[in-house]
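> my questions are about this predicted structure, shown below with the sequence.
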Amino acid sequence: MSAKSRTAYFTKRGYHFGNLWSVYSLKTNQVIQLGSDRQLAHWLLYLEFSPSVVNFRFDTSSKTLASNMLSKLDYHFEVMPVEGMPELHYLRTVGHSINYIEKVQSAALIKYKYIEFNDEDWLPQKEKILPLLKVSNFLNGGRHVYISPQLNEDAVGYVVKARKGALGGYLSSLCAFDSNLCLLVFCRMYSERKINVDFESNFFSRNTLWWINE
């Protein structure tokens, strides 16, 4: 094994496989244990902050199949998307399984969509991983923080009325409240799929763009 694994490219943190991450998921309202940088990257990019995912379960397990092709189907995440069948996500380093087509067909028989992900799926978005990890940490730190009904009402009312804008405008509209609490509400709305967000290297930049999730 090389001194520096490819997982290090995701987070610029790890120098070997097997980093253990304990993260809080607002989407599932629980702390989950992720066994590698690869799982962390997938959770951030394709699950926790994906507007196309309603809920998910991290459960490295398998589905028993009554199929002539396969007896079981391994997966890492069971995912409930906004549209379509429930999904089974399996994470790999490179490529797809030799019997990938058989796995897809077998999953369809039990009403699941089977999808394999590898490093080529995560690497194009690697610059978003650390910013999203900071958002995750911010949400974790604020999960027991009290947010007044008035702040919630004003924040939601602003995004519904404005429909889209920049983070700076959102904060300015709520200047009567503590800015950190306003940011916490903003991050919660993002994780809860109420808004979508587009950012460069800094999620918390006042230039970060947002728009309401229709």
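That came in fine, so what should we check first? What you see is a predicted model, and the numbers here were worked out from it, not measured in a lab.

> shaky segments in the chain?
Within the chain, the stretches with pLDDT under 70 are 1-18, 66-69.

> could you chop it up by domain?
7-125, 145-212 (automatic domain parsing).

> need the ones you listed in a markdown table with mean neighbour count and distance to residue 137, can you?
Where C-beta positions appear, they are placed from N, C-alpha and C, glycine not excepted. Below are these laid out as a markdown table (neighbours: other CB atoms under 10 Å; distance: least, CB to CB, whole Å):
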| stretch | mean neighbour count | distance to residue 137 |
| --- | --- | --- |
| domain 7-125 | 16 | 8 |
| domain 145-212 | 15 | 10 |
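
> adding distance to residue 132, write the ones you listed out as JSON lines.
Formatted as JSON lines, those follow (distance: least, CB to CB, whole Å):
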{"stretch": "domain 7-125", "distance to residue 132": "4"}
{"stretch": "domain 145-212", "distance to residue 132": "7"}
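
> so which of those domains gets nearest residue 134?
Across these, residue 134 has its closest neighbour in domain 145-212 (6.6 Å, CB to CB).

> out of the domains of the chain, nearest to residue 133?
Residue 133 sits nearest to domain 7-125 of all those, at 6.3 Å, using CB to CB.

> gap between that closest one and the chain center?
On the basis of CA atoms, centre = their mean, to the nearest Å, domain 7-125 sits 11 Å off its chain's mean C-alpha point.
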